[in-house]
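[1] Quick one, what's the 3D model for this:
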Amino acid sequence: MTEPSHAAPLLEMRGISKSFPGVRALDQVDFTVGEGEIHAFLGENGAGKSTLLKILSGAQPPDSGMIVFAGRPVQFASPQEAQRAGIVTIYQEFTLAPDMTVAENVFIGREPGSRLFISYRQLEEETAKLCRRIGLERSPRALVRDLSVAEQQMVEIARALSMKSRLIVMDEPTSALSRAEVEKLFAIIRNLKAEGITTIFVTHRLEEVFELCDSFTVLRDGRHVGRGKVAETDMDGIIRLMVGRELGLLAARQVSFDTGEKALEVRALNRRRKSSDASAIELHDVSLSVNRGEILGIAGLVGAGRSETARAIFGADRFDSGAVMIGGQEVRIASPRDAIAQGIGLVPEDRKQQALFLSQAIRTNMSITAQGRISRFAVFISGAKEDELVEEYRKLLNIRMASAGQVVGNLSGGNQQKVVLARWLALRPKVLIVDEPTRGIDVGAKAEVHNLLSEMAQSGIAIIVISSELPEVLALADRIVTMREGRVTGEMMRADATQEKLMTLMTVGSRQAA
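    Model (predicted):
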């Protein structure tokens, strides 16, 4: 790989090392970013990216090494010090106050005015200027909770610009955005580049690197393994650097294990919007089924009702009418407890908010659905059996962890997802619903999750996969159902499906897709 040539790099991190108990997170890492470029920062989950960026942002100190920013050695004892120097990080989980206005969030802690009184007129005028600069068409007085995810992200960018930033770090900024919103974000980043502002862009969507970025750096296992110009490499070259091996990513499953025996059937599911939740997605006459050993894909755009259907089946949300059948028999599912008792598992879209107890140990997170397997006399938990269960699935799923007692929140995203999958494997479900199975995880972990889902289907489990990535749906599913505005708009076998046909069903319905 050739080195991008920059007369004076804006950022140099030299020989950065960092260790945690039992883990060498960074080992003599060098990281250089040129002035005014869009730089992709890549690596598998657990490669050390987050640790390096926390050191850059002042959230963590390095064990050794030095940082040179704008030609001067710097040491940041806090994120506030980094921000004052011109380095701002926009995290995947936003740091906005939802009940405050756009203007208040942009200038929080730095409000214009005297020591005693805030000048709200100046606050709103300066916010309006920043909003116009990035194309955010919202009043400075609007509450953040009323904004879309994309608009909230733009508020974060406006806040960064208000700090006169020279370097903005964006951590997985497109993970929850629609394609139209992604294109708008890319336009903003390109405009920032034209103004001389540098962006470090962290993503697992490698196609975005080639669409947006000028250069890249790759970490693997806490070490710097490659750097170069995006124009002088290809996707296979970056993947080889990231994983250290060849990967057959997103290759369609060659064998179907569909038994033809219905495991789950949903008939005419309806869910009306309640006055207390005016933004909820309604469901209209949703009907679908999945067989033992089959992987059913559900595809649709944001707001199509895919996750709402999954939550209704799992009993997380009540539905108004319709029926759920397990093994041909209608069952009553009024809560997740009922669903679990019927052998249904759900891996939700947001694993951190809805699936994991982040401050608890891996053993607790993994064994919570399998109390019957690890208890004595159905009362006392056997620590030995619990550790045996964790070790069984650690080996089966190749989970990278220090011990069963490690806090699950300290694992990488890919390993967290494997812990959630292990939880349901321990339950030995009849039906497993997986919502966005590879969101926010790297290419290596993505391939492992795909293989795992295929192996689960081979064992006879009926699997429903919900994904916003059509290549993923086409790679995994035996059969695909499409949804739009809370309705099923079509169904086709994978052999007959293309991205164009699916997109037509997702956007205009069945009459135009033939």
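[2] how about the nearest residue to residue 300 once chain neighbours are set aside, what does it touch?
    In space, not counting the residues next to it along the chain, residue 300 is nearest to residue 483; the distance is 3.9 Å by C-beta to C-beta, 6 or more residues apart in numbering. Placement of C-beta: from N, CA and C, glycine included. Residues counted as contacts of residue 483 (C-beta atoms under 8 Å, 6 or more residues apart in numbering) are 286, 298, 299, 300, 304, 305, 306, 309, 489, 506.
[3] pLDDT averaged over whichever strand or helix holds residue 483 - what is it?
    Take DSSP states H and E as the rule and residue 483 turns out to sit in strand 479-484. Per-residue pLDDT values across strand 479-484 average out to 94.
[4] Give me the sheet partners of the helix or strand just after it and which way each runs.
    Using DSSP H and E, the helix or strand that directly follows strand 479-484 along the chain is strand 487-493. Sheet pairing of strand 487-493 (DSSP bridges) gives strand 479-484 (antiparallel).
[5] Could you give the separation of the partner strand from the chain centroid?
    Distance, stretch centre to chain centre, for strand 479-484: 22 Å (C-alpha atoms, centre = their mean, to the nearest Å).
[6] what does stretch 127-138 give?
    Its chain's average C-alpha position is 27 Å from that of stretch 127-138, according to C-alpha atoms, centre = their mean.
[7] Now tell me what touches it from outside.
    The contact list for stretch 127-138 (C-beta under 8 Å, 6+ apart) reads 102-103, 106-107, 140, 147, 151, 154-155, 157-158, 161-162, 184, 187-188, 191.
[8] Among those, name the buried ones.
    Buried subset of these (neighbour count, 16 or more other C-beta atoms under 10 Å): 102-103, 106-107, 140, 147, 151, 154-155, 157-158, 161-162, 184, 188.
[9] Farthest-apart pair in these, please.
    Spatial extent of those (C-beta to C-beta) is set by the pair 107 and 184 at 23.3 Å.
[10] CA atoms only for the helix or strand harbouring residue 365, dumped as PDB, please.
    According to DSSP H and E, residue 365 maps onto helix 362-367. Written as PDB, here are the backbone C-alpha positions of helix 362-367 (Å, rounded to 0.1, in the frame of the first residue of the first chain):
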ATOM      1  CA  ILE A 362     -21.200 -12.600  30.400                       C
ATOM      2  CA  ARG A 363     -22.400 -15.600  32.300                       C
ATOM      3  CA  THR A 364     -25.500 -13.700  33.600                       C
ATOM      4  CA  ASN A 365     -26.400 -12.500  30.100                       C
ATOM      5  CA  MET A 366     -25.900 -15.800  28.500                       C
ATOM      6  CA  SER A 367     -27.600 -18.100  31.000                       C
END
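[11] So what touches it?
    Under C-beta under 8 Å, 6+ apart, the answer for helix 362-367 is 356-357, 373-374, 381, 386-387, 389-390, 393, 399, 401, 403-408, 411, 419-420, 422-423, 426.
[12] Among those residues, which lie within strands?
    Those of those mapping onto strands are residue 381, per DSSP state E.
[13] Buried only: go through the contacts of helix 362-367 for me.
    Among the contacts of helix 362-367, those classed as buried by 16+ other C-beta under 10 Å are 356, 374, 386-387, 389-390, 393, 399, 401, 404, 406, 408, 411, 419-420, 422-423, 426.
[14] show me where pLDDT drops low in the stretch 251-400 of the chain?
    Residues of the stretch 251-400 of the chain that meet the criterion pLDDT under 70 lie in 251-254, 274-280, 302, 371-380.
[15] just the strands in it please.
    With DSSP state E, counting those that start in this stretch as the criterion, the stretch 251-400 of the chain has strands at 262-271, 283-291, 295-299, 321-326, 329-331, 344-347, 375-376, 380-381.
[16] Let me have the ones you listed in JSON lines, extended by distance to residue 362.
    Converted to JSON lines, these look like this (distance: least, C-beta to C-beta, whole Å):
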{"stretch": "strand 262-271", "distance to residue 362": "29"}
{"stretch": "strand 283-291", "distance to residue 362": "30"}
{"stretch": "strand 295-299", "distance to residue 362": "27"}
{"stretch": "strand 321-326", "distance to residue 362": "30"}
{"stretch": "strand 329-331", "distance to residue 362": "32"}
{"stretch": "strand 344-347", "distance to residue 362": "16"}
{"stretch": "strand 375-376", "distance to residue 362": "18"}
{"stretch": "strand 380-381", "distance to residue 362": "15"}
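[17] Of those strands, which is nearest residue 9?
    Checking the strands of the stretch 251-400 of the chain against residue 9 by C-beta to C-beta gives strand 344-347 as the closest, at 41.8 Å.
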